[in-house]
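>>> With the sequence up front, the predicted model follows.
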Amino acid sequence: WFFFSDNYICDTKIIIPTRIMSHIAISNQIIYFISLQFLPVMQLVIRQYRPSDKDTVRSLFSTGIKEHIRPCFHNAMSSPVYLAVTLTLCASGYLVGSLYSSYVREKLQTDMQDIPGNYLSRPDDCFWVAEAEVDGRAEVMGMVAVVAKQSGEKSYGELFRMIISPSCRRMGLGVRMAQTVVDFCKERGFSEVVLETSSTQTAAVALYKKLGFMYRQFATFYWLISYIVIYLTIFYIILHHHLRCG
């Protein structure tokens, strides 16, 4: 049995209460300022998705998801049961690659096929891209989406599709994209922001922890195909305080 999430595969649940959003925003502004000092030739703009972005965004999504095949495979192979079984290692690598590829194909045929219809047709949903001018040409360097959700009387935003181009990582763009979602949800009066990311996404987990996210629990899921068990550890991260906007 294998767990899928709509943000990444086998993922982490995170909640950030809106009362601390303003404090995060202040610290993030400092991070943005410092990081941008090292980007004198690259002016980044975060804007709403346009239909003309479709091919670039779909390509970035595909590349961003598939690059996690190797860490996922490495995580699977950390189980002692595989260490002396060469054929199992090879087969498992193929299966992990197939899993991610099928996930990408599914999403490209569903929500990523019609981004305006799935993310821009409702006022409480949105999809952004980060655009940079490189050598006089505009290029999409990142993307993120949010979808409004309801739990009882509580409204919250769920963050999806956070992917940053490798050429723009470790420059503060991930923080800026996440803060864009947080600010949007705060404006909508949501009580919290929820997102999921896998335990193999170490850079993403580190980013969210820097923003104040805390682990709540972790669970382990197994995927069984052709008598091969792929071992994955999944973290569920939740902040414990549910706070009001304003």
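Happy to help now that I have it. Every value quoted in this text rests on a predicted model; they were computed, and no experiment measured them.
>>> Can you give me the end-to-end span of stretch 105-114?
14 Å (CA to CA, to the nearest Å).
>>> Go through this protein and flag its longest strand.
In terms of residue count, the longest strand belonging to the chain (DSSP state E) is strand 137-151.
>>> Glu158 reaches Val146, doesn't it?
Yes: using CB atoms under 8 Å, Glu158 is in contact with Val146, at 6.7 Å. (C-beta placed from N, C-alpha, C; glycine too.)
>>> more crowded one of these two?
Counted by other CB atoms under 10 Å, Glu158 and Val146 do not tie: Val146 has more neighbours, with 28 against 23.
>>> residues in contact with that one?
125-126, 157-160, 181, 184-185, 193 (CB atoms under 8 Å, 6 or more residues apart in numbering).
>>> now with 7 Å?
Val146 sits next to 125-126, 157-160, 181, 184-185 when contact means CB atoms under 7 Å, 6 or more residues apart in numbering.
>>> do the same with Tyr119
Contact analysis of Tyr119 by CB under 7 Å, 6+ apart lists 125-127, 145.
>>> And the pLDDT at it?
Note for Tyr119: predicted pLDDT of 94.
>>> Phi first, then psi, for it.
Dihedral angles of Tyr119 (phi, psi; degrees, to the nearest 10) stand at phi -130, psi -10.
>>> any idea how far it is from Ala148?
11 Å (CB to CB, to the nearest Å).
>>> between these two, what contacts are shared?
Common contact partners of Tyr119 and Ala148 (CB under 7 Å, 6+ apart): Asp125.
>>> residue ranges with poor pLDDT in the chain?
1-42, 65-104, 198-200, 212-246 (pLDDT under 70).
>>> At which residues are the helices of it located?
21-36, 54-66, 69-76, 86-109, 115-119, 173-187, 202-210 (DSSP state H).
>>> For the fifth one, list every residue counted as buried.
So the one you mean is helix 115-119. 115, 118-119 (16 or more other CB atoms under 10 Å).
>>> What of stretch 153-164?
Applying 16+ other CB under 10 Å to stretch 153-164 flags 155-164 as buried.
>>> Would you reformat these as JSON lines and include distance to Ile46?
Shown next, in JSON lines, are the buried residues of stretch 153-164 (distance: CB to CB, whole Å):
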{"residue": "Ser155", "distance to Ile46": "23"}
{"residue": "Tyr156", "distance to Ile46": "21"}
{"residue": "Gly157", "distance to Ile46": "16"}
{"residue": "Glu158", "distance to Ile46": "19"}
{"residue": "Leu159", "distance to Ile46": "14"}
{"residue": "Phe160", "distance to Ile46": "16"}
{"residue": "Arg161", "distance to Ile46": "14"}
{"residue": "Met162", "distance to Ile46": "12"}
{"residue": "Ile163", "distance to Ile46": "14"}
{"residue": "Ile164", "distance to Ile46": "12"}
